[in-house]
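K.L.:
sequence and predicted structure, then a few things I'm wondering about:
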Protein chains: 2
Amino acid sequence: MRSYGQFCAMAKALDLVGDRWSLLIVRELLIRGPLRYTDLRQGLPGIATNLLAQRLEGLEKTGILRREYAPPPIATTLIDLTARGKELESVLFELGKWGAPLLAKPGNHDAFCGHWLALPAKHLLHDQTPDGPPVTLEIRSGGEPLSIEAAGGSVHFRIGPAKNPDLALSGTPLLMLGVLMGKREFASACKEGLKYEGDPNILRRLQPTA
Amino acid sequence: MRSYGQFCAMAKALDLVGDRWSLLIVRELLIRGPLRYTDLRQGLPGIATNLLAQRLEGLEKTGILRREYAPPPIATTLIDLTARGKELESVLFELGKWGAPLLAKPGNHDAFCGHWLALPAKHLLHDQTPDGPPVTLEIRSGGEPLSIEAAGGSVHFRIGPAKNPDLALSGTPLLMLGVLMGKREFASACKEGLKYEGDPNILRRLQPTA
DNA sequence: CGGCATCCTCTTTGATACTG
DNA sequence: CAGTATCAAAGAGGATGCCG
């Protein structure tokens, strides 16, 4: 991208991460940590492979990410954010907060990956019952499932299935999101197609109070 | 801009404000309130007029800004953010915080407008002596001067010259920014070309404590 | 297979000129 | 003042090819 040529912090930031796909690449790396090229690509449905390569080159040059060869059994290069790149998390979080209302509509033909829920969940879910026994929640909605664990007052995430989840949810992204964030009644979500196994009450332990 | 087609709040946000110039247009409107087309353009050095017109159309359609005819003596249409558009302030602020280190270098051929300091100043400056008498600071560095007033514990801004500023600063954007934010010694800034009239001590009343 | 590079088409941008 | 019109250059998207 061409520089804006303005002595302004926001313009300078956009010089580095303002072009198409750049911030979504950062999103993927924030959520899923070090990734192989091909795995990164799967979290960015719609990107052209040449464009991804081009962006990675740019983001590496500006110190936002780094590529490093990982020895066997990985035996390939992994892409990861630098410390500076990770500082973009608050930008992405604010952007997501602002964009959240736009998810109110079904968005039927949109691509979806379960792990995209991790970033909002990380900021918005809290363990409301710190003294209770640990509970595990599994979200199945698209691509890899997402495991969420609440224990001792904090919440943790992992991409992949949980061992013995206390509750497993599956359904459309829209339903899942509404139920997780407490914006939609569990019962009404079930009527609209949400499926679950386990104890729905553990949702209340995680949902934001507001 | 083409939609990313992803069911993700960040991607949806970027669908609306992710294309070139959009966030800088929002920056201008946040800082300078309702503006005429031509005045808006002056705060966006480098934008092509057809592109500005195109962006305004898009941002109006998505409910981020609004155009309204103002009766004489203005007798033209004014462009302003909607409430939804104003909510982008936190996004821009985080972006600016992230981008701030990029202003450490002179950036010699960059364009600059004094009012661009208003947004960081609004968030970072505080009145450290709420009980003191009101003081006024005038910043002259490019385009219109910026007036900053500290009184009764809060800080206010206005584009344009101050009546009787207790301190007026002029110099390069880099020096100005460093001195304002307390990252550069006043004396050393003066050696590098910062000019002032009035009482430099009032700076300490505003500078961030960190 | 993983990690790109090439080629081609289509869209977006940038620069400038012009108009009601 | 507030744009539209025009046109060249850059960038994005899609398919495919190449090489360890």
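P.N.:
Looks like it arrived, so ask away.

K.L.:
under the pLDDT cut-off, which ranges of chain A? List them.
P.N.:
Applying pLDDT under 70 to chain A picks out residues A:210.

K.L.:
would you map the helices across it?
P.N.:
A:9-17, A:22-32, A:37-42, A:49-61, A:83-86, A:89-99, A:118-124, A:173-180, A:186-191, A:202-206 (DSSP state H).

K.L.:
with mean neighbour count added, can I get the ones you listed in JSON lines?
P.N.:
To be clear about C-beta, it is placed using only N, CA and C from the backbone, and glycine gets the same treatment. Shown next, in JSON lines, are these (neighbours: other Cβ atoms under 10 Å in any protein chain shown):
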{"stretch": "helix A:9-17", "mean neighbour count": "24"}
{"stretch": "helix A:22-32", "mean neighbour count": "22"}
{"stretch": "helix A:37-42", "mean neighbour count": "15"}
{"stretch": "helix A:49-61", "mean neighbour count": "15"}
{"stretch": "helix A:83-86", "mean neighbour count": "15"}
{"stretch": "helix A:89-99", "mean neighbour count": "21"}
{"stretch": "helix A:118-124", "mean neighbour count": "19"}
{"stretch": "helix A:173-180", "mean neighbour count": "23"}
{"stretch": "helix A:186-191", "mean neighbour count": "14"}
{"stretch": "helix A:202-206", "mean neighbour count": "18"}
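
K.L.:
tell me how far A:S154 lies from DNA strand D.
P.N.:
Applying Cβ to the nearest atom of the strand, to the nearest Å, one obtains 38 Å for the distance of A:S154 from DNA strand D.

K.L.:
for A:G5, same thing?
P.N.:
14 Å.

K.L.:
if we can go back for a sec, okay, the helices of chain A in JSON lines with distance to B:R184 next?
P.N.:
Formatted as JSON lines, those follow (distance: least, Cβ to Cβ, whole Å):
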{"stretch": "helix A:9-17", "distance to B:R184": "16"}
{"stretch": "helix A:22-32", "distance to B:R184": "31"}
{"stretch": "helix A:37-42", "distance to B:R184": "40"}
{"stretch": "helix A:49-61", "distance to B:R184": "28"}
{"stretch": "helix A:83-86", "distance to B:R184": "22"}
{"stretch": "helix A:89-99", "distance to B:R184": "25"}
{"stretch": "helix A:118-124", "distance to B:R184": "35"}
{"stretch": "helix A:173-180", "distance to B:R184": "46"}
{"stretch": "helix A:186-191", "distance to B:R184": "56"}
{"stretch": "helix A:202-206", "distance to B:R184": "46"}
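
K.L.:
so which residues on chain A come close to DNA strand D?
P.N.:
A:1-2, A:19-21, A:46-51, A:54 (Cβ under 7 Å from any atom of the strand).

K.L.:
how about a cut-off of 6 Å?
P.N.:
Contact residues, chain A versus DNA strand D (Cβ under 6 Å from any atom of the strand): A:1-2, A:19-20, A:46, A:48-51.

K.L.:
and those, which is closest to B:E144?
P.N.:
Closest to B:E144 out of these is A:R2 (26.3 Å), distances taken as Cβ to Cβ.
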